[in-house]
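A.B. asks: the following comprises the amino acid sequence and a computationally predicted model.
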Amino acid sequence: MFTKALRFPVVNAILLALLSGCSLMSAPGTLDLRMAKASLANAYSVTMRPLVEPIAINEIHAWEVQLASPDGVPIRNARISLDGGMPQHGHGLPTKPRVTSELADGRYRVDGVKFSMTGWWELKLTIDAEKGRDQITFNLVLPEPAGAAGAP
């Protein structure tokens, strides 16, 4: 039987081993990594991009969403909500990103995006605008930072 002095270090070691293995999962090779595509019901053409690259881990950053009709006409006054997470790990984003401003030409600024680790992430948008409600999912694979492999 473990004493109190041993119980917590053992639990911590197990948790550390499990968590360090999380980033070792590789993303499916068939992922659609395009950041510009049609929404699920083809109501909108959507492009998403980070405002600063490379995308930093454990830092809050902003993204831009560009929304247009299928024939390229910018969509104004849309209501966009954003969610996401890591499908292989079963957890969501560590923050609650939201659209903070509508820019010109169907562009929207999203603030509050944060990724807590490397690996496969999904960014899921729900769009409610003149063509009705539609959804889109973007896949993103964040690599290990340079020099991180084999680090203690």
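C.D. replies: Okay, I see it. Here the structure is a predicted model, which is why all the values come from computation and not from measurement.
A.B. asks: got the phi/psi numbers for the residue most central in space within the chain?
C.D. replies: Against the mean C-alpha coordinate of the chain, by C-alpha atoms, centre = their mean, the closest residue is Leu123 at 4.0 Å. Note on Leu123: backbone dihedrals following degrees, to the nearest 10 are phi -120, psi 120.
A.B. asks: ok, now Val46?
C.D. replies: Per degrees, to the nearest 10, the backbone of Val46 is at phi -130, psi 130.
A.B. asks: go on, Gly92?
C.D. replies: Taking degrees, to the nearest 10 as the convention, Gly92 sits at phi -90, psi -170.
A.B. asks: make 57 the starting number, not 1.
C.D. replies: All set: I'll call the first residue 57, so the last point we hit is now Gly148.
A.B. asks: on the three-state scheme, the nearest residue to it once chain neighbours are set aside is what?
C.D. replies: In space, and not counting its chain neighbours, Gly148 is closest to Gly141: 3.7 Å by C-beta to C-beta, 6 or more residues apart in numbering. (Glycine included, C-beta is placed from N, CA and C.) Secondary structure assignment for Gly141 (DSSP: H, G, I helix; E, B strand; the rest coil): strand.
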